[in-house]
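Undergrad: 3D model of this:
(one chain, ligands or ions: 1)
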Amino acid sequence: MISAGLLKEYLSRFEQLPLCKGPSPVQKLDNLKSKWGLGFDLYVKRDDLIGPAFGGNKSRQLEFLLGEAIKQGADCIVHGGALQSNYARQVSAACAMHDLDCYLVLSDHYNQKKNTGSHLVSQFLGANITYFEGKLGSAHEEQKKKLSESLEALGRRPYLITYPKSEILGSLGYLKATLELVEQLTEDEFPQRIVMPAVGATFIGVLLGLKLLGYKEVEVVGVAPLSNEYPIEATVLESMKEICALLKIDFGAVDVSDINLDFTYVGEGYSKTTKESLSALVDFARYEGVILDPVYTSKAAASLKNLPADGKRTLFWHTGGAPAIFAYSDEILKSIK
Ligand SMILES: Cc1ncc(COP(=O)(O)O)c(C=O)c1O
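TA: Predicted coordinates for the structure are as follows:
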């Protein structure tokens with residue numbers, strides 16, 4: 001265990017590009033608790049409200065990744081995701097703010113609508129976009145690497161954001177966010193359970209942050225939006241080890257027996273909504289005025305309904321992504337008819 005002050009000191013040794021003005025608010029969701037008949041108090045941490053260009057969790061991660069990029073003398077960033085990627089939108093915005101060229105490789109495999117939602121925003125933020133027909137995963141990462149190498153051959157200085165390597169620095173953004181939560185809430189208000197969408201750095205940062213700071217009893221549940229594209233479980237464990245090495249913290253002292261990833265809400269796969277996710281998306285809006293996204297947060301939110309009525313103060317970590325609703329308008333409208 002280390003103190004909040006020491007963790008803060010460790011993180012301050014890393015270059016950071018200011019993108020987020022925290023703390024993001026924490027709100028109680030009493031209407032939803034009563035409508036859903038939940039047997040515990042429910043709160044939401046609004047990371048959908050931080051960061052540029054509609055924000056979200058990736059802005060916290062980009063503070064560290066782009067800090068490092070600038071330290072290395074990069075003049076452009078290479079990244080990508082699915083066509084409606086929130087990460088792509090947020091990196092495009094960060095590049096626009098800090099005078100970096102942004103190159104994106106976007107996977108067109110998932111039949112997501114073009115020219116609306118996050119994809120629309122990335123385009124007019126000025127990103128240079130190429131499309132990739134395959135799904136997310138190793139072939140897509142390879143394509144990003146090739147683009148980075150071709151930019152290098154032209155005399156550019158690209159910084160490549162890639163999975164799983166970039167989860168390490170990205171997670172520092174969520175170690176910092178965990179410190180923010182600790183400072184924001186009293187012990188009596190602090191969650192006994194945290195539920196969030198999970199692929200990589202967000203879940204890793206929060207889980208490790210709580211362990212390092214001594215909040216061992218807090219249950220952290222990561223709800224996966226995909227199961228085939230990335231080796232999530234192995235990456236969580238490996239990344240936690242590497243982050244500890246980077247911060248020069250003894251990993252042997254970190255208990256990893258409770259990595260709690262839930263794959264039961266994926267449905268037919270990445271980017272495909274489910275009946276439960278659409279219903280959670282509509283209920284968060286109708287009862288609390290909170291807009292979720294159709295790919296990540298609505299699947300994680302759907303899991304809240306099935307948690308035991310155990311009275312555990314539960315915090316749902318909203319990671320953003322709402323602009324994608326415009327790319328899913330048909331499905332959302334159909335679900336409320
Ligand atoms: C809205 C939203 N939530 C959660 C995630 C998953 O974040 P991470 O990979 O840091 O776990 C993403 C990833 O793109 C996202 O866009």
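Undergrad: Tell me who's in contact with the residue nearest to residue 261 when sequence neighbours are not counted.
TA: Here the nearest residue to residue 261 in space, its sequence neighbours aside, is residue 222; by C-beta to C-beta, 6 or more residues apart in numbering that works out to 4.8 Å. For the C-beta atoms, the positions are set from N, CA and C on the backbone; glycine is no exception. By C-beta atoms under 8 Å, 6 or more residues apart in numbering, the residues touching residue 222 are 196, 197, 198, 203, 207, 232, 236, 260, 261, 262.
Undergrad: Name whatever forms a beta bridge with the residue lying closest to the last one once chain neighbours are set aside.
TA: When you say that, I think you mean residue 262. Computed as C-beta to C-beta, 6+ apart, the closest residue to residue 262 that is not its neighbour in sequence is residue 223, at 4.9 Å. As for beta bridges, residue 223 partners with residue 197, residue 262 under DSSP bridges.
Undergrad: Against residue 232, how distant is residue 223?
TA: The spacing between residue 223 and residue 232, counted by C-beta to C-beta, to the nearest Å, is 11 Å.
Undergrad: Now the common contact residues for those two.
TA: In contact with both residue 223 and residue 232: 198, 261, using C-beta under 8 Å, 6+ apart.
Undergrad: And those two? Which one has more around it.
TA: residue 223 (25 against 21; other C-beta atoms under 10 Å).
Undergrad: What distance do you get for that one to residue 70?
TA: 33 Å.
Undergrad: Residue 83 too?
TA: 28 Å.
Undergrad: now do residue 18
TA: 12 Å.
Undergrad: between those two, who's got more neighbours?
TA: residue 70 (16 against 9).
Undergrad: for the ligand, what are the nearby residues on the stretch 201-337 of the chain?
TA: 201, 202, 203, 293, 296, 297, 319, 320, 321 (C-beta under 6 Å from any ligand atom).
Undergrad: Just the CA atoms of stretch 316-333, as PDB, please.
TA: This file holds the C-alpha atoms of stretch 316-333, laid out as PDB (Å, rounded to 0.1, in the frame of the first residue of the first chain):
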ATOM      1  CA  PHE A 316     -21.200   3.300 -12.100                       C
ATOM      2  CA  TRP A 317     -18.200   4.900 -13.900                       C
ATOM      3  CA  HIS A 318     -19.600   6.600 -17.000                       C
ATOM      4  CA  THR A 319     -16.800   6.600 -19.500                       C
ATOM      5  CA  GLY A 320     -18.500   8.700 -22.200                       C
ATOM      6  CA  GLY A 321     -19.200   7.900 -25.800                       C
ATOM      7  CA  ALA A 322     -22.600   9.500 -26.100                       C
ATOM      8  CA  PRO A 323     -22.000  11.000 -29.600                       C
ATOM      9  CA  ALA A 324     -22.400   7.500 -31.000                       C
ATOM     10  CA  ILE A 325     -26.100   7.600 -30.300                       C
ATOM     11  CA  PHE A 326     -26.600   9.500 -33.500                       C
ATOM     12  CA  ALA A 327     -25.100   6.500 -35.400                       C
ATOM     13  CA  TYR A 328     -27.600   4.200 -33.700                       C
ATOM     14  CA  SER A 329     -30.700   6.300 -34.000                       C
ATOM     15  CA  ASP A 330     -32.800   3.700 -35.800                       C
ATOM     16  CA  GLU A 331     -32.200   1.000 -33.100                       C
ATOM     17  CA  ILE A 332     -32.800   3.500 -30.300                       C
ATOM     18  CA  LEU A 333     -36.100   4.700 -31.800                       C
END
